[in-house]
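A.B. asks: Pasting a predicted model and its sequence here:
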Amino acid sequence: MSLENVLNRIDATLPEAVERLLALLRIPSISTDPVYKPACAEAADWLVAELQSLGFEASARPTPGHPMVVARHRGPGRHILFYGHYDVQPVDPLSLWARDPFDPELQDTAKGKVIRGRGASDDKGQLMTFIEACRAWKAEHGALPGNLTIFLEGEEESGSPSLVPFMTENAAELRAELALICDTGLFADRQPAITTALRGLLGEEVTITGPNKDLHSGAYGGAAINPIRVLARIIAGLHDETGRITVPGFYDDVDELPEAVRAQWQSLAFDHAAFLGEVGLTTPAGEAGRTPLEMLWSRPTCEVNGIWGGYTGDGFKTVLPAKAHAKISFRLVSRQDPLKLREAFRAYVQAQLPPDCTASFESHGTAPASTMSIADPAFEAARRALGEEWGMPAAFIGCGGSIPIAGYFKTVLGMDAMLIGFGKDSDQIHSPNEKYDLECFHKGVRSWARILARITG
């Protein structure tokens, strides 16, 4: 049997594949709300049944939270693990939805047909592209492709509290030679992409305390230290005039972008003026001498996400506050260690304190950056397969955000991951009226069939 037979079957059975996706979308598997715990279990069981029907050894594994779905097919070739998540975001505000978010449908729009409903793009539609590719392969070849494990999580949208413990406990079973993750999108909504670099994250909340109570600024102003002024000075000093971060040692483990990767990124049709223009801005504000894509994908950042203190209600109150607070996040790259940088940041703050002020800190999570080696022939094979399907070369891209699972595959299981997805920026994930283009679903299934043909042999 040829790949062409598999692709033809995918085309011929697309309506049935859409109906299966709609059935999964009807299950309100919201992981953050305990009310929906039975629905999360139902979604896991639904997926287990589908995978068993294809010949996988599949089961829903209990965790302190929602079940993990693990399916295994032993066959020839490299052991490949596929990851997706079946849980979805809450639907609030419900009033902004044009229809019941868990009554999905195929809709006609001015830009083509879309699958509308919560989870259509993030991530049920994406994970089903891989399952449907396996289904078509099995129907044509009489067997599943290669040596596969499918690993589906039910807590991704609620911080994945059970993920690392489960992966650690089941490392021998889950460890493969390469992971595939389908939770990303196309580049610029039209070009296939393989994400090979993900920034990590460090979140810190800092509180500066001065006097032992709020003071009247007329009685104490000028003589008493103001924590807001201290905090503002510390924050202002976090960047120099060129946009570089001033925390000592911050760049010690930041690698320069390889020239080949920089050249490939430069060849992408990225319009930074339009990108910034969409949010009412005109000028890149990061490090001097860096291209916008470098800033977004391969350079670390320090951003103030919130700052408060004193009186912020209606009217005016001449208070000199006892405390000032800020939430500050760092996006990390290369080999930066979030724990090491947390200590460096705290030491930086402590060093800036004047007499009579103290600083306290609260951590809001850490995750290292992930950089995948494209030296693995599977990356080039997948790039070629995607190019054949989409009619243009696939791009190796970075991601400005953080997808912790990719880092966990590296740190817990010791394997690289290839992040390939077919979503669009217009899919409104996490927002009302989420959708997934029918073309993206269809071509996503065909893309996985092509990739499996190239990397499972």
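C.D. replies: Perfect, thanks for sending it.
A.B. asks: how far does stretch 120-140 sit from the chain's center?
C.D. replies: Offset of stretch 120-140 from its chain centre (CA atoms, centre = their mean, to the nearest Å): 20 Å.
A.B. asks: now that stretch: mean pLDDT?
C.D. replies: Across stretch 120-140, the average pLDDT comes to 97.
A.B. asks: ok, residue 144 - how many residues close by?
C.D. replies: 21 (other CB atoms under 10 Å). No exception for glycine: its C-beta is placed from N, CA and C like everyone else's.
A.B. asks: And what about it, helix, strand or coil?
C.D. replies: Per DSSP: H, G, I helix; E, B strand; the rest coil, the secondary structure class of residue 144 is coil.
A.B. asks: ok, now residue 69?
C.D. replies: Residue 69, by the three-state scheme (three-state DSSP), is strand.
A.B. asks: tell me which element the nearest residue to it once chain neighbours are set aside is part of?
C.D. replies: Spatial nearest neighbour of residue 69, excluding adjacent residues (CB to CB, 6 or more residues apart in numbering): residue 152 at 3.9 Å. Using DSSP states H and E, residue 152 sits within strand 147-153.
A.B. asks: Same question for residue 166.
C.D. replies: Here residue 166 is assigned to helix 163-169, by DSSP H and E.
A.B. asks: Flag every buried residue along the one helix or strand residue 446 maps to.
C.D. replies: Residue 446 belongs to helix 438-455 when assigned by DSSP H and E. Buried residues in helix 438-455, defined by neighbour count with 16 or more other CB atoms under 10 Å: 438, 440-455.
A.B. asks: got a list of what residue 432 touches?
C.D. replies: Residue 432 makes contacts with 91, 93, 94, 96, 97, 98, 101, as judged by CB atoms under 8 Å, 6 or more residues apart in numbering.
A.B. asks: From those, which land in strands?
C.D. replies: Using DSSP state E, the subset of the contacts of residue 432 located in strands is empty.
A.B. asks: ok, of those residues, which one's closest to residue 156?
C.D. replies: residue 91 (16.5 Å; CB to CB).
A.B. asks: Just to check, the closest one is in contact with residue 118?
C.D. replies: Yes. Counting by CB atoms under 8 Å, residue 118 is a contact partner of residue 91 at 5.5 Å.
A.B. asks: Is the closest residue to residue 96 other than its chain neighbours part of a helix or strand, or is it coil?
C.D. replies: Once flanking residues are discounted, residue 96 sits nearest to residue 432: 3.8 Å by CB to CB, 6+ apart. With three-state DSSP as the basis, residue 432 sits in coil.
A.B. asks: how far away is residue 432 from residue 79?
C.D. replies: Distance, residue 432 to residue 79, using CB to CB, to the nearest Å: 40 Å.
A.B. asks: Could you list the domains of this structure?
C.D. replies: 3-198+369-455, 200-259+296-367 (automatic domain parsing).
A.B. asks: Out of these, which is the most enclosed?
C.D. replies: domain 3-198+369-455 (a mean of 20; mean count of other CB atoms under 10 Å).
A.B. asks: which residues make contact with the helix holding residue 166 from outside it?
C.D. replies: So helix 163-169 is in contact with 61, 63, 68, 153, 155, 156, 174, 404, 405, 408, 412, 413, going by CB under 8 Å, 6+ apart.
A.B. asks: from the residues you listed, which ones fall inside strands?
C.D. replies: Counting by DSSP E, the part of the contacts of helix 163-169 found in strands is 61, 68, 153.
A.B. asks: And the residue nearest the centre of this protein?
C.D. replies: residue 403 (3.5 Å; CA atoms, centre = their mean).
A.B. asks: low-confidence ranges in this structure?
C.D. replies: 1, 457 (pLDDT under 70).
A.B. asks: Tell me who's in contact with the closest residue in space to residue 403 that isn't next to it in sequence.
C.D. replies: Distance criterion CB to CB, 6+ apart; nearest residue to residue 403, sequence neighbours excluded, is residue 198 at 5.4 Å. Residue 198 is in contact with 369, 370, 371, 398, 399, 401, 402, 403, 406, 407, 419, counting by CB under 8 Å, 6+ apart.
A.B. asks: The same query, at a cut-off of 10 Å, please.
C.D. replies: 184, 297, 331-333, 367-372, 398-407, 410, 417, 419 (CB atoms under 10 Å, 6 or more residues apart in numbering).
A.B. asks: Any idea what it is bridged to?
C.D. replies: According to DSSP bridges, residue 370, residue 399 are recorded as the beta-bridge partners of residue 198.
A.B. asks: just residue 81 next, same as before
C.D. replies: Going by DSSP bridges, residue 81 forms beta bridges with residue 149, residue 179.
A.B. asks: From residue 56, how far off is it?
C.D. replies: For residue 81 relative to residue 56 (CB to CB), the value is 13 Å.
A.B. asks: where do the contact lists of the two overlap?
C.D. replies: Joint contacts of residue 81 and residue 56 (CB under 10 Å, 6+ apart) are 70, 72, 148, 149, 150.
A.B. asks: how about the residue nearest to the second one when sequence neighbours are not counted, phi and psi?
C.D. replies: Leaving out its chain neighbours, the residue that sits closest to residue 72 by CB to CB, 6+ apart is residue 57, at 4.8 Å. Its backbone dihedrals place residue 57 at phi -80, psi 100, with angles given as degrees, to the nearest 10.
A.B. asks: pretty sure residue 57 contacts residue 69?
C.D. replies: No. Under the criterion of CB atoms under 10 Å, residue 57 makes no contact with residue 69, lying 11.8 Å away.
A.B. asks: show me the contacts for the residue nearest to residue 72.
C.D. replies: 51, 70, 71, 72, 73, 74, 149.
A.B. asks: which stretches of the stretch 51-200 of the chain form helices?
C.D. replies: Secondary structure of the stretch 51-200 of the chain (DSSP state H, counting those that start in this stretch): helices located at 124-141, 163-169, 171-174.
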